[in-house]
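K.L.:
Test case, fold it:
(one chain, ligands or ions: 2)
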Amino acid sequence: MSTAQTITQIAESLNDSLSLRSPPNQANNAPSSDPQSGYRYAHLLPAFPKDEHYPPLTPFDHIDPAARALSHPNQTAFLDKAQSVIEITPNLGTEVHGVNLAQLDSDGRDQLALLIARRGLVVFRDQQEFIDRGPDFYLEWGRHFGRLHIHPTSGHPEGYPELHLVYKDANATFNFERDDSITTTLWHSDVSYELQPPGVTTFFLLSQPTTGGDTLFTSQISTLKRLSPQFVAFLKTLKAVHSGVEQAEFSRAGKRGGVVRRDPVEHIHPLVRKHPVTGQEALYVNRQFTRRIVGLKREESDTILRLLYDHIDRSSDLQARVKWTPNTVVLWDNRNTAHSAIVDYGDSKERRHGARITPQAERPIPAWEGLDLSA
Ligand SMILES: O=C(O)CCC(=O)C(=O)O
Ligand SMILES: [Fe+2]
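P.N.:
Ligands and ions are numbered 1, 2, ... in the order given. All right, here's what the predicted structure looks like:
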């Protein structure tokens, strides 16, 4: 596919609320008539081949990398030579300077997974080697943490369907959030409609705007803790439907003309899940994909979900905001955090181009063992 075709596809296919916002760091982000000419990461631009179709995902046994680090005599040995390790907020987020992710061995990656499980979000600065190693390395990196997910609708670099891209430039003119909502904030946990949603997730920007386009994170361990014990006890008895149907329909919609590589699925997950390694309990609902609480009347379900979404939206005191600098690589635990892009650079003609490596993890473990997920 030519660059021009690729970009046309992008404009046609902005398909998920995450997939099209965008900016560069190392490379050119200046507006030009052909934003792709001379672009350093042109080979990683999103493509939407129309002929891709995948069968349903099959269950698999997930062995959590963080569990392997528990028996290590020094569970944070990979940080021993760091220049600095800073807690971004008390509730979540650690920022690390002076550790080269591209050089982490298997033990180091396991320890990293454990830190991510504990802190929810870990931000690494100055990771040029990681980013420049390219897509084959990204896949090898991600496979350490779990089976790689192929996104059903988002753009990916040609030949690398496992890499999920976010992208916006002067020619990608429309944007789901700004079109039909008063806010671009959309808290979510990635692809929570899958039976085995992602765990340790890696995300970085190849290009970024001069200002704006930060990413928000929140701790779902902390949002849960804010609720009264009585209410939490009730929530633990509940399970909810998470759906990929609207995302697929959005992609299929004529005006965007995007792809649906895998038929959309819905799965039922506990409202409160337990982390397989830390045992910590986290709220597991999100505005983007959670649709209804099983067994409750519609009004009851709507009211409880709205309460929880409002709580997540408003809890700035439980959130961290990542400001992107060139060569930053961010990792989060998709099981106990939620995040949102911030599309405040919408009028800018600059490019924002990000890549996500998305290993799947276990089927969510209910915090209350008695919860029956079979029905
Ligand atoms: O673009 C961002 O800041 C976040 C994108 C996102 O939500 C994702 O890739 O999962
Ligand atoms: Fe996301």
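
K.L.:
State the helix or strand in which the closest residue to ligand 2 within the stretch 201-350 of the chain lies.
P.N.:
Relative to ligand 2, the nearest point of the stretch 201-350 of the chain is His339 (5.6 Å; Cβ to the ion). Backbone N, C-alpha and C define where each C-beta goes, glycine included. Assigned by DSSP states H and E, His339 belongs to strand 337-341.

K.L.:
Could you list every helix and strand in contact with that strand?
P.N.:
strand 215-219 (3 or more Cβ pairs under 8 Å, 6 or more residues apart in numbering; DSSP states H and E).

K.L.:
about what we covered before: orientation of the helix or strand just after the strand holding His339 relative to strand 337-341 in degrees?
P.N.:
Once the chain leaves strand 337-341, the next helix or strand it forms, by DSSP H and E, is strand 352-357. Counting by axes from the mean of the first three to the mean of the last three Cα atoms, to 10 degrees, strand 352-357 lies at 160 degrees to strand 337-341.

K.L.:
Using PDB, list the CA coordinates for strand 352-357.
P.N.:
Extracted C-alpha coordinates of strand 352-357, given in PDB (Å, rounded to 0.1, in the frame of the first residue of the first chain):
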ATOM      1  CA  ARG A 352       0.800  12.200  17.200                       C
ATOM      2  CA  HIS A 353       1.800   8.600  16.500                       C
ATOM      3  CA  GLY A 354       1.800   6.000  19.200                       C
ATOM      4  CA  ALA A 355       2.300   2.300  19.300                       C
ATOM      5  CA  ARG A 356       0.900  -0.200  21.900                       C
ATOM      6  CA  ILE A 357       2.100  -3.700  22.600                       C
END
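
K.L.:
what's the longest helix in the chain?
P.N.:
Across the chain, the longest stretch assigned as helix under DSSP state H is helix 298-314.

K.L.:
Tell me which other helices or strands it touches.
P.N.:
helix 220-225, strand 290-293.

K.L.:
mind showing which ranges of this protein have poor pLDDT?
P.N.:
Segments of the chain classed as low confidence (criterion: pLDDT under 70) are 1-35, 173-179, 254-257, 375.

K.L.:
What is the strand ranked longest in it packed up against?
P.N.:
Criterion DSSP state E: the longest strand present in the chain is strand 200-207. Helices and strands touching strand 200-207, by 3+ Cβ pairs under 8 Å, 6+ apart, are helix 106-119, helix 128-133, helix 135-143, strand 329-333, strand 352-357.

K.L.:
would you list every one of the helices in the stretch 151-300 of the chain?
P.N.:
For the stretch 151-300 of the chain, the helices defined by DSSP state H, counting those that start in this stretch cover 176-180, 220-225, 229-235, 245-252, 298-314.

K.L.:
winner for burial among those?
P.N.:
Each of the helices of the stretch 151-300 of the chain was scored by mean neighbour count; the highest is helix 220-225, a mean of 22, by mean count of other Cβ atoms under 10 Å.

K.L.:
who's in contact with it?
P.N.:
With contacts defined as Cβ atoms under 8 Å, 6 or more residues apart in numbering, helix 220-225 is touched by 91-92, 120, 189, 232, 235, 272, 280-284, 308, 311-312, 315, 318, 336-338.

K.L.:
Distance from the chain centre to it, please.
P.N.:
When C-alpha coordinates are averaged (Cα atoms, centre = their mean, to the nearest Å), helix 220-225 and its chain have centres 18 Å apart.

K.L.:
tell me the contacts of Gln288?
P.N.:
Contacts of Gln288 (Cβ under 8 Å, 6+ apart): 17, 186-188, 192.

K.L.:
Give me the phi and psi for the residue lying closest to His43 once chain neighbours are set aside.
P.N.:
In space, and not counting its chain neighbours, His43 is closest to Pro157: 6.5 Å by Cβ to Cβ, 6 or more residues apart in numbering. Dihedral pair for Pro157: phi -60, psi 150, per degrees, to the nearest 10.

K.L.:
how near is Pro157 to ligand 1?
P.N.:
14 Å (Cβ to the nearest ligand atom, to the nearest Å).

K.L.:
Okay, and the beta partners of the residue of the stretch 201-350 of the chain closest to ligand 2?
P.N.:
Beta bridges link His339 to His188, Phe217 when assigned by DSSP bridges.

K.L.:
With Val122 instead?
P.N.:
Beta bridges link Val122 to Thr94, Leu331 when assigned by DSSP bridges.

K.L.:
Around ligand 2, pick out the residues from the stretch 151-300 of the chain.
P.N.:
Within the stretch 151-300 of the chain, the residues that sit near ligand 2 (Cβ under 5 Å from the ion) are Asp190.

K.L.:
Those residues of the stretch 151-300 of the chain touching ligand 1, which are they?
P.N.:
164, 166, 190, 203, 215 (Cβ under 6 Å from any ligand atom).

K.L.:
Select from these the one having the most neighbours.
P.N.:
His164 (28 neighbours; other Cβ atoms under 10 Å).

K.L.:
what sits against that residue?
P.N.:
Contacts for His164 (Cβ under 8 Å, 6+ apart) come out as 19, 149, 151, 154, 156, 355-356, 358.

K.L.:
Kindly report the same for Tyr138.
P.N.:
Residues near Tyr138 by Cβ under 8 Å, 6+ apart: 160, 163, 202, 355, 357.

K.L.:
correct me, but Ile365 touches Lys274?
P.N.:
Yes - counting by Cβ atoms under 8 Å, Ile365 sits close enough to Lys274 to count as a contact (4.6 Å).
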